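> Give me coordinates for this.
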Amino acid sequence: MKGVSPIQVPDGLQTVLLHACCAPCSSAIVEWLLAHAITPTIYYFNPNIFPEEEYIIRKQESQRHADSLGIRWIDGDYDHAAWRDSVCGLEHEPERGGRCAVCFRHRLLATARMAQQEGIPWFATTLASSRWKSLDQINAAGLWAQEQLRSPLTAHQSPLFWAQNWRKGGLQQRRNELLRQFSFYNQQYCGCEFSIRTAD
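Now for the predicted structure:
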């Protein structure tokens, strides 16, 4: 690992596919990556978000942010029905429960597949910047997604998950500063229809 920063960069990491849940959560992370000579490609894949109008607002903000920095941005499919199928039976789980774990796996497996398709050796997620989510669940989902694509024949070509706690290194405070600077739309719930009921 390079340096002694709370943000630990795996040796050899120069490019990363960054799964972005929203513009506010990705802003400070992207800024940090660029400042440390790491090239991010943003992948917006969030079929959990409901309703579709909310999804579109968040997507547009994410793309606006990427465009303002000249960063490549990839639009993932919005298939909310497929996401609902993946969490079927878990609708009444609490936040940070079993439904969230499945949701993370659903989104990070798609991210790993996109990284493999694009030839990007590492993938990470801005989900790990939220204090409202379980870092253990997110890291477990990312490592699980990584392993789904590995085989004895393709291991050297399979992307690796960068398990990083993006709440450290002052990035949480910087996120709030950039939120104001860019006048980002700042949602008040995780995204799915089940998280709305627990939002303040």
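
> Surely residue 106 and residue 86 touch.
Yes. Between residue 106 and residue 86 a contact is recorded at 4.8 Å, counting by CB atoms under 8 Å. Where C-beta positions appear, they are placed from N, C-alpha and C, glycine not excepted.

> quick one: the strands in this protein?
Across the chain, reading from the start of the chain, the strands by DSSP state E fall at 15-19, 39-44, 73-75, 122-125, 160-161.

> Would you tell me which one of the ones you listed is buried the most?
Scoring those by mean neighbour count under mean count of other CB atoms under 10 Å gives strand 122-125 as the most buried, with a mean of 26.

> List every C-alpha atom in that strand, with coordinates, as PDB.
Extracted C-alpha coordinates of strand 122-125, given in PDB (Å, rounded to 0.1, in the frame of the first residue of the first chain):
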ATOM      1  CA  TRP A 122     -10.300  -2.300 -10.200                       C
ATOM      2  CA  PHE A 123     -13.800  -1.400  -9.100                       C
ATOM      3  CA  ALA A 124     -15.000   0.500  -6.000                       C
ATOM      4  CA  THR A 125     -18.200   2.000  -4.800                       C
END
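
> other SSEs contacting that strand?
Using 3 or more CB pairs under 8 Å, 6 or more residues apart in numbering; DSSP states H and E as the contact criterion, the secondary-structure elements in contact with strand 122-125 are strand 15-19, helix 98-118, helix 135-148, strand 160-161.

> Phi first, then psi, for the closest residue in space to residue 79 that isn't next to it in sequence.
Distance criterion CB to CB, 6 or more residues apart in numbering; nearest residue to residue 79, sequence neighbours excluded, is residue 47 at 5.1 Å. For residue 47, the backbone dihedrals (degrees, to the nearest 10) come out as phi -70, psi 0.

> Please tell me I have it right and residue 78 contacts residue 47.
Yes. Under the criterion of CB under 8 Å, residue 78 lies in contact with residue 47, with a separation of 5.5 Å.

> of these two, who's got more company?
A direct count of neighbours by other CB atoms under 10 Å for residue 78 and residue 47 places residue 47 higher, at 22 against 18.

> Can you verify my assumption that the more buried one contacts residue 85?
No. Under the criterion of CB under 8 Å, residue 47 makes no contact with residue 85, lying 10.5 Å away.

> buried residues in stretch 19-35?
Of the residues in stretch 19-35, those buried under the neighbour-count criterion (16 or more other CB atoms under 10 Å) are 19-33.

> mind showing which ranges of this protein have poor pLDDT?
The chain contains residues with pLDDT under 70 at 1-4, 153-156, 197-200.

> In space, what's closest to residue 192 - neighbours in sequence excluded?
Residue nearest to residue 192 in three dimensions, not counting chain neighbours: residue 48, with 4.5 Å by CB to CB, 6+ apart.

> Report the contact partners of residue 134.
The contact partners of residue 134, by CB atoms under 8 Å, 6 or more residues apart in numbering, come to 96, 100-101.
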